[in-house]
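1. no sequence on hand, only this structure:
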């Protein structure tokens with residue numbers, strides 16, 4: 001459900017793994033293009049899609065009789081979309097969140113939003129996360145991901161459905177850890193982009209990634225996550241990919257800010273879309289504060305994006321913090 005870059009890339013993986021796949025596109029013209037040309041030029045240009053993918057702009061048609069639903073819409077519109085679709089879900093369908101974020105206001109993770117809106121038992125709701133840049137996966141570059149679900153049977157079924165020659169899924173029962181890593185890494189990627197934009201090098205990037213991971217682990221533990229999850233693909237793996245890749249919207253957004261751009265001009269650099277980290281920094285910081293968890297990098301990104309703090313003042317603020325043991 002969602003024909004953006006990641007939703008389309010995962011539909012491609014599922015089809016190439018031998019599944020019958022329906023793809024829902026918000027716009028009729030996108031559905032028509034995929035059905036007639038087997039391309040999604042707006043999100044995955046130059047990537048032929050399997051002819052087995054059938055695309056529709058009608059959610060009722062997309063969801064009729066399906067056993068597994070992948071929810072590939074942005075975090076902050078997950079609630080609104082799922083609310084519209086709930087009546088079409090099969091009573092025992094597995095619902096898989098692909099979104100990475102914490103909802104503003106409620107401070108809920110995406111699986112919690114899905115459970116609250118649908119009334120589904122939490123064992124039916126899974127989360128998929130990892131170092132999964134859509135363009136690379138669409139081009140069959142080897143990648144791995146994590147499927148988190150409290151129901152091990154559903155997790156294994158999802159693992160089998162997603163196993164393609166170039167895409168390797170792992171299972172995990174720690175939904176909290178997988179979702180926490182996914183929600184926080186975009187914010188740290190923004191910080192890495194800002195550092196690159198002002199001309200700072202690899203030492204700085206390594207420090208941001210490492211201290212960013214420390215923040216994520218602190219929050220994860222407070223929420224009930226396992227440290228081993230955050231040391232794996234959904235934590236370190238996703239963090240490294242998003243912080244270093246030129247395909248990362250969040251890193252690109254941060255780089256424009258570091259070069260003196262505004263939030264509005266940075267949006268233009270990423271195709272007119274707001275990078276997820278811009279909204280996530282607000283909700284992740286509020287969640288951390290509610291658990292009395294210190295997240296200085298996240299706080300700095302929030303102040304730059306939403307409180308008008310200059311990039312150079314943010315760097316000075318971080319470097320001026322009191323020294324302490326690692």
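-> Everything's here; your move. It should be emphasised that the depicted structure is a prediction, and the values quoted were computed from it without experimental measurement.
2. just checking, what packs against the lowest-mean-pLDDT helix or strand in the chain?
-> For the chain, counting by mean pLDDT, DSSP states H and E, helix 263-269 ranks last in confidence among helices and strands (a mean of 80). Here helix 263-269 touches helix 249-258, going by 3 or more C-beta pairs under 8 Å, 6 or more residues apart in numbering; DSSP states H and E. Yep, even glycine has a C-beta here, placed from its N, CA and C like the rest.
3. picking up where we left off before, next structured bit after the least confident helix or strand of the chain?
-> Downstream of helix 263-269, the first helix or strand assigned by DSSP states H and E is helix 276-290.
4. residue 20 in helix, strand or coil?
-> For residue 20, the assignment made with DSSP: H, G, I helix; E, B strand; the rest coil gives coil.
5. gap between it and residue 299?
-> 46 Å (C-beta to C-beta, to the nearest Å).
6. more crowded one of these two?
-> residue 299 (22 against 10; other C-beta atoms under 10 Å).
7. residue 285 is in contact with the more buried one, correct?
-> Yes. The pair residue 299 and residue 285 passes the contact test of C-beta atoms under 8 Å, sitting 5.9 Å apart.
8. quick one, strands of the stretch 1-150 of the chain?
-> Using DSSP state E, counting those that start in this stretch, the strands of the stretch 1-150 of the chain run over 22-24, 54-56, 68-71, 94-97, 125-129, 143-148.
9. save those as CSV, and put in distance to residue 230, mean neighbour count and mean pLDDT too.
-> Putting the strands of the stretch 1-150 of the chain into CSV (distance: least, C-beta to C-beta, whole Å; neighbours: other C-beta atoms under 10 Å; pLDDT from 0 to 100) gives the following:
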stretch, distance to residue 230, mean neighbour count, mean pLDDT
strand 22-24, 31, 23, 98
strand 54-56, 36, 20, 98
strand 68-71, 23, 22, 98
strand 94-97, 18, 26, 98
strand 125-129, 11, 27, 98
strand 143-148, 11, 23, 98
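10. how about a markdown table for those strands, with distance to residue 43 added?
-> Formatted as a markdown table, the strands of the stretch 1-150 of the chain follow (distance: least, C-beta to C-beta, whole Å):
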| stretch | distance to residue 43 |
| --- | --- |
| strand 22-24 | 11 |
| strand 54-56 | 12 |
| strand 68-71 | 15 |
| strand 94-97 | 19 |
| strand 125-129 | 18 |
| strand 143-148 | 18 |
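11. from residue 220, how far off is residue 291?
-> 10 Å.
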